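Participant: Sequence and computational prediction follow.
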Amino acid sequence: MGSTSSMSRENKKKQLKRQIVPPNSRHQEEEDSREIVHKAHKRVVRKRLAIFLVLVILAAIAALVLFRYDRYHQFTDYQVIWEKNLTSEAQEAAVQGEGSFCAYRDYGDGVLKYTKDGASYIDAQGKVVWIQSYEMKSPVVSINGEYVAIGDQQGNSIYICNKSGKVGQATTLLPILRVTVSAKGVVAALQEDSKASYIYLYKKDGSTLDLSIKSLLSGDGYPVDMSLSPNGTQLITSYMYLDQGIIKCKIVFYNFGLGKNDPRRVVGIFFPQDLGDAMAGRVRFLDESHAVIFTDKGMQLFSTRVETSPESVKQIPIEENIRSIAYTEEYVGLVTDNVEGGDPYSLKIFDKEGNTVFDRTFNYQYTGFDIDGGLVLLYNDSSCKVFNMTGTEKYNGTFEFTVSKVSAGRFPGTLLVMGPQMMMEIKLQ
């Protein structure tokens, strides 16, 4: 009886509970909970996506501002980052053999300063890394990668250096006319006697390689300029020769690794016919597969991707008088007279394929013309003018000391300015 009453009470409780809490309420609560979590997750995702899009837009705006600033902004002043007086350096170097000032060349992350009595490598912070003393009447310099060759024109000495200093010295039997060095330290020296010219090759320690090129002046012609490729296996040379009493020009490619079928190692001969009777006064390998010749009537670009078969890829005739040339691994540049009136000079920059990068006129009396770090630099002994690769004039200013050379600095918007007694890095403003 008691048990029946107890069961009845339990049944009533269950009925009451079912009336108050429906059977599917727990399931509904679980669904509601999942829906709340899902909606919260969607809100978080939307918020994160919105933040990401805002950041992308801000980054794009910042990149556009920086792009336009780098491309079009013109600087009017500069701040000196550091400066170094080279007078004390020169006095100290004079004791070691480096005397009066001669010239600067871009080298490593700084410059090579060379004189008749010695050379020094100065890094981008003005520190003298090494000094090499010598005595030369007329030093000629060739730079390729980390290697430098300094030859005594009409003398017999060649000093071979890298960024650590001297690695070798060669002594020639005949007077030196030209030197060219590869990025591996191999040196070619153009020498001559009364009947012939000779190109001898030397290892980086100065010892002679068993490779030479002889050219008879009466038949082969007179070599004007030459350039080794970075790996040192290719050589381009320009010759002047007589053809029925007329002076003409030819370009000869040699390959010391693959040209063994020809005892003279010749793999290509070209005559710049489209440039008329032009004389190729300067020839250069820009990199392993691109070479350029500069003539008094334009320039011609060559490809040596197939080392045994170099080919002419483009000739660029220039009608105006060519005043200056400059080149790097990526660009070649010309300054010519401007015959169309207005500014007296025209600045033409090309890439290594011969495509025009920019062409503009300018009015500035310069003595130096270089391409460095994506900048085109014109300068004289008291000022400089700087263009970027869109042809925009980035800076035009003067200095308070005698200037010998201007180069790109360590960072964007900075320049290295060098003179006989002073070197400084400046930040354009």
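Facilitator: Cool, the structure landed. These numbers were taken from a predicted model, which means no experiment stands behind them.
Participant: Lowest average confidence across helices and strands of the chain, where is it?
Facilitator: helix 86-96 (a mean of 53; mean pLDDT, DSSP states H and E).
Participant: so residue 305 touches residue 287, yeah?
Facilitator: No. In this structure, residue 305 is not within contact of residue 287 by Cβ atoms under 8 Å, at 10.6 Å. Just so you know, the C-beta spots here come from the backbone N, C-alpha and C atoms, and that holds for glycine as well.
Participant: Counting neighbours, go ahead and name the busier of those two.
Facilitator: A direct count of neighbours by other Cβ atoms under 10 Å for residue 305 and residue 287 places residue 287 higher, at 14 against 11.
Participant: can you pull up the bridge partners for that one?
Facilitator: residue 290 (DSSP bridges).
Participant: That one reaches residue 353, doesn't it?
Facilitator: No. Counting by Cβ under 8 Å, residue 287 does not reach residue 353; the two are 11.7 Å apart.
Participant: shared neighbours of residue 305 and residue 287, anything?
Facilitator: Counting by Cβ atoms under 8 Å, 6 or more residues apart in numbering, residue 305 and residue 287 have no shared contacts at all.
Participant: And stretch 416-429, end to end?
Facilitator: 15 Å (Cα to Cα, to the nearest Å).
Participant: Give the other helices and strands that the strand or helix carrying residue 417 contacts.
Facilitator: Under the criterion of DSSP states H and E, residue 417 resides in strand 414-418. When contacts are defined as 3 or more Cβ pairs under 8 Å, 6 or more residues apart in numbering; DSSP states H and E, strand 414-418 packs onto strand 110-114, strand 383-388, strand 405-408, strand 422-428.
Participant: from those strands, which stretch is densest packed?
Facilitator: strand 110-114 (a mean of 24; mean count of other Cβ atoms under 10 Å).
Participant: Counting by contacts, list what that strand packs against.
Facilitator: strand 103-107, strand 118-122, strand 139-144, strand 414-418.
Participant: So which of those strands is nearest residue 58?
Facilitator: Set against residue 58 and scored by Cβ to Cβ, these come closest in strand 414-418, at 27.0 Å.
Participant: buried ones in the helix or strand hosting residue 235?
Facilitator: Assigned by DSSP H and E, residue 235 belongs to strand 234-243. Buried positions in strand 234-243, judged by neighbour count with 16 or more other Cβ atoms under 10 Å: 234-241.
Participant: and of the residues you listed, the nearest to residue 248?
Facilitator: Proximity of those to residue 248 (Cβ to Cβ) peaks at residue 241, which lies at 5.9 Å.
Participant: close enough to count as contact, that closest one and residue 223?
Facilitator: No. Counting by Cβ under 8 Å, residue 241 stays clear of residue 223, with 10.1 Å between them.
Participant: Who are the contact partners of residue 300?
Facilitator: Here residue 300 is in contact with 251, 270, 272, 274-275, 280, 292-293, 312, 314-316 (criterion: Cβ under 8 Å, 6+ apart).
Participant: do residue 360 as well
Facilitator: 346-347, 387, 391.
Participant: hmm, which two among those residues are most spread apart?
Facilitator: 346 and 387 (12.6 Å).
Participant: those helices in this protein, which residues are they?
Facilitator: In the chain, the helices defined using DSSP state H lie at 2-20, 25-72, 86-96.
Participant: show me where pLDDT drops low in the stretch 201-350 of the chain?
Facilitator: 259-262, 273-276 (pLDDT under 70).
Participant: Please apply the same query to the stretch 51-200 of the chain.
Facilitator: In the stretch 51-200 of the chain the weaker segments, taking pLDDT under 70 as the threshold, are 67-71, 87-101.
Participant: Residue 282 and residue 237 touch, don't they?
Facilitator: No. Applying Cβ under 8 Å, one finds residue 282 not in contact with residue 237, separated by 11.6 Å.
Participant: joint contacts of the two?
Facilitator: Common neighbours of residue 282 and residue 237, using Cβ under 8 Å, 6+ apart, are residue 225.
Participant: So residue 50 versus residue 57, what's the distance?
Facilitator: Distance, residue 50 to residue 57, using Cβ to Cβ, to the nearest Å: 11 Å.
Participant: scratch that, residue 237
Facilitator: Distance from residue 237 to residue 57, by Cβ to Cβ: 57 Å.
Participant: now do residue 142
Facilitator: To residue 57, residue 142 is 51 Å away according to Cβ to Cβ.
Participant: The two - which one has more neighbours?
Facilitator: Counting neighbours by other Cβ under 10 Å for residue 142 and for residue 57 shows that residue 142 has the greater number, 22 against 10.
Participant: beta partners of that one?
Facilitator: Beta-bridge pairing for residue 142 (DSSP bridges): residue 149.
Participant: So it is in contact with residue 176, correct?
Facilitator: No. Using Cβ under 8 Å, residue 142 is not in contact with residue 176, being 11.4 Å away.
Participant: what touches both of these two?
Facilitator: Listed as contacting both residue 142 and residue 176 by Cβ under 8 Å, 6+ apart are residue 151.
Participant: on that earlier part again, narrow the contacts of residue 300 to those in strands?
Facilitator: Mapping the contacts of residue 300 onto strands (DSSP state E) picks out 251, 270, 280, 292-293, 312, 314-316.
Participant: Now a ChimeraX select for only the buried ones of the residues you listed.
Facilitator: With 16+ other Cβ under 10 Å as the criterion, this ChimeraX line picks the buried residues out of the ones in strands among the contacts of residue 300:
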select :251,270,280,292,293,312,315,316
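Participant: Return the member of the ones in strands among the contacts of residue 300 nearest to residue 375.
Facilitator: Closest approach between the ones in strands among the contacts of residue 300 and residue 375, by Cβ to Cβ: residue 292, at 19.9 Å.
Participant: quick one: contacts for the closest one?
Facilitator: Taking Cβ under 8 Å, 6+ apart as the criterion, residue 292 is in contact with 283-284, 286, 299-302, 327, 332, 352.
Participant: Could you export those to a markdown table, including columns for distance to residue 75?
Facilitator: What follows is the contacts of residue 292, written out as a markdown table (distance: Cβ to Cβ, whole Å):
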| residue | distance to residue 75 |
| --- | --- |
| 283 | 36 |
| 284 | 31 |
| 286 | 29 |
| 299 | 31 |
| 300 | 36 |
| 301 | 33 |
| 302 | 38 |
| 327 | 26 |
| 332 | 26 |
| 352 | 28 |
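Participant: Cool, thanks, talk later.
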